[in-house]
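S.K.: Pasted the sequence and its predicted model underneath.
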Amino acid sequence: DIQMTQSPSSLSASVGDRVTITCRASQGISNYLAWYQQKPGKVPKLLIYAASTLQSGVPSRFSGSGSGTDFTLTISSLQPEDVATYYCQKYNSALRGFGGGTKVEIK
Amino acid sequence: QVQLVQSGSELKKPGASVKVSCKASGYTFTSYAMNWVRQAPGQGLEWMGWINTNTGNPTYAQGFTGRFVFSLDTSVSTAYLQISSLKAEDTAVYYCARDVLSLRRSFKNWFDPWGQGTLVTVSS
């Protein structure tokens, strides 16, 4: 089965910083990748699908890119409300799966 | 609006069974697959598998075969997760999450919306 690896596992950045999270697939998955945000104690929220398509209502400071095995989620200007754990999810087949998560904190 | 409402928290003893429900509303239940996701305390999201709500055919992820069973009651638009022979390590929040694209469109799917989660605690 294809494994999803996220890096870093956690990061601390200042408000206004550009933040980049990486998700790597052990085999190519085309653009079948989604990103979710989970705030502490809350339900995961869909941010991006098809690697780079922003879900309706998600702030434009979030963006996604990549194809094949390497993907990135970028927050262009980190805001206090972006404190959360971010997960990538592959869906190139009937066997879906998540990356291990990246916890984002404010410095 | 599309909504998934899960059953309440459960406290079970080791060896017992639990059945978590996920009631859907706002759409045609049998047109979209349902996924189950586990989150142990302080841990990440684990995809457990999904069930085809049209045929009832389940697909289980590695590590979730044997004690875990997905089922449906389409008459009440509800999906179920049953876990038997509970162990302490089954303590987690369990989420249901609907596929975004319908079964007719694709099995390659991401998830939205999600249920609110059900905490299952296994303790003697």
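M.R.: That came through, no problem.

S.K.: how long is stretch B:6-20 end to end?
M.R.: End-to-end distance of stretch B:6-20: 7 Å, with Cα to Cα, to the nearest Å as the criterion.

S.K.: Stretch B:31-48 now?
M.R.: Per Cα to Cα, stretch B:31-48 runs 20 Å from first to last residue.

S.K.: what's the answer for stretch B:91-111, then?
M.R.: End residues of stretch B:91-111 are separated by 23 Å (Cα to Cα).

S.K.: so for that stretch, what's the average pLDDT?
M.R.: Averaging pLDDT along stretch B:91-111 yields 95.

S.K.: go on, stretch B:63-74?
M.R.: Computed over stretch B:63-74, the mean pLDDT rounds to 97.

S.K.: Same check on stretch A:2-16?
M.R.: Stretch A:2-16 comes out at a mean pLDDT of 98.

S.K.: So that stretch, near chain B or not?
M.R.: No. Against chain B, stretch A:2-16 shows no contacts by Cβ under 8 Å from any Cβ of the partner chain, the least distance being 8.9 Å. Any C-beta I mention is one placed from the backbone N, CA and C, and that applies to glycine too.

S.K.: How about residues contacting that stretch?
M.R.: Stretch A:2-16 is contacted from outside by A:19, A:21-27, A:29, A:77-80, A:86-90, A:92-93, A:95, A:97-107, using Cβ atoms under 8 Å, 6 or more residues apart in numbering or on different chains.

S.K.: Kindly report the residues of chain B close to chain A.
M.R.: B:35, B:37, B:44-47, B:50, B:59, B:61-62, B:95, B:97, B:100, B:107-112, B:114-117.

S.K.: redo that, cut-off 7 Å
M.R.: With the criterion set to Cβ under 7 Å from any Cβ of the partner chain, chain B comes near chain A through B:44-47, B:59, B:61-62, B:95, B:107-112, B:114, B:116-117.

S.K.: Can I get the buried part of the contacts of stretch A:2-16 as one ChimeraX selection?
M.R.: To isolate the buried members of the contacts of stretch A:2-16 in ChimeraX, using 16 or more other Cβ atoms under 10 Å in any protein chain shown:
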select /A:19,21,22,23,24,25,29,78,86,87,88,89,90,92,95,97,98,99,100,101,102,103,104
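
S.K.: which residues touch the one residue sitting closest to the centre of chain B?
M.R.: Centroid-nearest residue in chain B: B:Trp36, 3.3 Å away (criterion: Cα atoms, centre = their mean). Going by Cβ atoms under 7 Å, 6 or more residues apart in numbering or on different chains, B:Trp36 touches B:48-49, B:70, B:81, B:94, B:96.

S.K.: Could you confirm it falls within a helix?
M.R.: No. The assignment for B:Trp36 (DSSP: H, G, I helix; E, B strand; the rest coil) gives strand, which keeps it out of a helix.
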